[in-house]
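Novice: Need a 3D model of the sequence below.
(chains A and B)
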Number of protein chains: 2
Amino acid sequence: MSFSVTILGSNSALPTSERYPTAQMLNVSERFFLIDCGEGTQMQLRKYKVKFSRINHIFISHLHGDHIFGLMGLISTLGLLGRKNDLHIFAHPDLEKLLQPQIDYYCADLPYKVVFKPIDPRHQQVIFEDDKVTVETIPLKHRIPACGYLFRQKPAPLKVRKACIDQFELSIAEIVKIKNGCDLRLEDGTIIPNCELTEPSIPGYSYAFCSDTRYFEKLSTMVKDVDLLYHESTFTNADEQLARKTTHSTAEQAALTAKNANAKQLIIGHFSARHRDLSPYLEEAKNVFPNTQLALEGITFDVTKTQTK
Amino acid sequence: MSFSVTILGSNSALPTSERYPTAQMLNVSERFFLIDCGEGTQMQLRKYKVKFSRINHIFISHLHGDHIFGLMGLISTLGLLGRKNDLHIFAHPDLEKLLQPQIDYYCADLPYKVVFKPIDPRHQQVIFEDDKVTVETIPLKHRIPACGYLFRQKPAPLKVRKACIDQFELSIAEIVKIKNGCDLRLEDGTIIPNCELTEPSIPGYSYAFCSDTRYFEKLSTMVKDVDLLYHESTFTNADEQLARKTTHSTAEQAALTAKNANAKQLIIGHFSARHRDLSPYLEEAKNVFPNTQLALEGITFDVTKTQTK
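Specialist: Have a look, this model is predicted:
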């Protein structure tokens, strides 16, 4: 089962010539999700050869420009490419009020529908679920209402061992029951437990996206035991006062959340434009949580291969 | 006197990973103008090391997304950079209705004022003038109201020859008069003509930006004798039907306008994303108007050095 995160942009409010504002592309069991959509996201999608048409759901963390100014361009381009499927955008209710007049004006003949899915970023709740994945909000603490998103991949369906099908001459009805977790009762009354009839199950993995937020202890409990945690680290400790003032986090605080959450791996991003060299971020975080990497543009993280270091 | 055009984006509606949508930066006698502002313009300004703060006037050709989706990002970034000066945006009146609600929401604490300057793209008229330059609209023929812009640099003020100042012991009042074009009358009644008292005058140059438009004959008369002409060429003759349908021009039509206008030099842009190789555009245009170049991103054209080939 695939589960990967591709970083399209990792800078904070001011983009630089090398780093774009926030956007990430997720593939969870072949469901394709875009998280945030800073200016230039559509160029980054092209640059990293991500197929636009695969995106059916967009999750917006909050309504600051560096997380949404790429939306209109992307919506327009999807129309020019002849998209037909609905596009679902999960975001604070204000987004619809701001975006719909633009869609009406610039994309009057849009060949598909933009469906706004208003969310309440103050509450932790499941906002999307299908047979492969659930997505829940993670309330964050920022200057304006903001939330992260926790993507939980569902475990792969149980697979009945070929040898057992032959040995017990299983009917279709029996196979379906075993796939659903039932044991097998033989005619002589013997019970064959489900675990002997099926392949070892593949667990579902999880990814939490947390941007933008100041540090607060409770966040680690909301992302407890997550496999991969993305946490903003706009600043380093040298700018801790500035982080506090702007309700952002330092690399150390991101690492502390990862540590307290017992995350397997941490990636940090949303870097301040004032830092060209990102190694101080990485060093600071690694001091607290060694299994940290920078969320650099173009890198794809495989969530199924995260390992505790 | 400086007069240059830097290409920031030259693609049509669909950006590619290598070519951004339309935006150009002008320096006319140290007046800095931005023409159009497609998505990613602020990244391109950084990439080509153009100082944001120098831009005081933006001229928008028409309200299609590929010419304006970078405006909100640029406006927001200028605020974050602490801009104080008013920013003047010349555009169709609808832009204010679309942009102001976004500015109010995303940039509530903007430290400078965005001044909308509504223009009527249907009429050819001077919309800006100062001591260095005039800017006039060029009505174009597109699916929606659209205009180009003609930038006319004013000639440099006359400079009185140092030798004459010494020879005739000129007073300040006399120097001012000569600078204004007057001849000098000596005490014995002799008239020294102005041309003998002043350095050879430096003429003002001109640049016309024409995007987006279908071909129409009258355009060449509106940009008659321009030094440098930018003309869209979304397609080549192979897609002439498509050009007609979408009210765009082919490279040959752009060249024909340049030829009929007696322009010194032509640059073509607004290329369709379907063409990776741009040489067919250039060849087609050069067959009609040899002094043609591609408006490639990052290239700066010196308008004072345009020469008829």
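Novice: Name the helix or strand for the residue of chain A positioned farthest from its centre, please.
Specialist: No residue in chain A sits farther from the centre than residue A:188, which is 49.6 Å out by CA atoms, centre = their mean. Secondary-structure element containing residue A:188, defined by DSSP states H and E: none, the residue being outside all helices and strands.
Novice: what's the distance between it and chain B?
Specialist: Summarising the geometry, the distance separating residue A:188 from chain B, computed by CB to the nearest CB, to the nearest Å, is 66 Å. (Each C-beta comes from the backbone N, C-alpha and C, glycine too.)
Novice: Could you do residue A:224 as well?
Specialist: Distance, residue A:224 to chain B, using CB to the nearest CB: 34 Å.
Novice: To what extent is residue A:94 buried, counted in neighbours?
Specialist: Residue crowding around residue A:94 was assessed by other CB atoms under 10 Å in any protein chain shown; the count is 13.
Novice: scratch that, residue A:298 is what I was asking about
Specialist: By the other CB under 10 Å criterion, the neighbourhood of residue A:298 contains 11 residues.
Novice: where does it land in three-state SS?
Specialist: Local secondary structure at residue A:298 is given as coil here, using DSSP: H, G, I helix; E, B strand; the rest coil.
Novice: remind me which residues of chain A are low pLDDT?
Specialist: When the per-residue scores of chain A are filtered using pLDDT under 70, the ranges that remain are A:308-309.
Novice: What's the first helix or strand after the lengthiest helix in it?
Specialist: When every helix of chain A is counted residue by residue (DSSP state H), the longest turns out to be helix A:94-106. Scanning the chain past helix A:94-106 towards its C-terminal end, the next helix or strand to appear is strand A:114-118 (assignment: DSSP H and E).
Novice: residues making contact with that following strand?
Specialist: Outside of strand A:114-118, the residues within contact range by CB atoms under 8 Å, 6 or more residues apart in numbering or on different chains are A:75, A:86-93, A:95-96, A:99-100, A:103, A:127.
Novice: again, only using 10 Å
Specialist: Counting by CB atoms under 10 Å, 6 or more residues apart in numbering or on different chains, the neighbours of strand A:114-118 from elsewhere in the structure are A:56-60, A:71, A:75, A:78-79, A:86-97, A:99-100, A:103, A:107, A:127-128.
Novice: so which of those residues are also by chain B?
Specialist: Of the entries in the contacts of strand A:114-118, those that also sit close to chain B under the rule CB under 10 Å from any CB of the partner chain are A:71, A:75, A:79, A:94-95, A:97, A:99, A:107.
Novice: now the residues you listed: which count as buried?
Specialist: The neighbour-count test (16 or more other CB atoms under 10 Å in any protein chain shown) applied to these identifies A:71, A:75, A:79, A:95, A:99, A:107 as buried.
Novice: and the two most separated of those residues?
Specialist: A:79 and A:95 (18.0 Å; CB to CB).
Novice: Next, the buried residues of stretch A:172-190.
Specialist: A:174, A:177-178, A:184.
Novice: An error on my part: the question was meant for stretch A:17-26.
Specialist: A:19-26.
Novice: From these, list the ones also adjacent to chain B.
Specialist: Among these, the ones lying near chain B by CB under 10 Å from any CB are A:19-21.
Novice: Nearest residue to residue A:135 in space, please, no chain neighbours.
Specialist: Beyond its immediate neighbours in the sequence, the residue positioned closest to residue A:135 (CB to CB, 6 or more residues apart in numbering or on different chains) is residue A:128, lying 4.1 Å away.
Novice: The one you found and residue A:88 touch, don't they?
Specialist: Yes - the pair residue A:128 / residue A:88 is scored as a contact, 8.2 Å apart, by CB atoms under 10 Å.
Novice: and for those two, which residues touch both?
Specialist: When CB under 10 Å, 6+ apart defines a contact, the residues bordering residue A:128 and residue A:88 alike are A:33, A:57, A:59, A:117.
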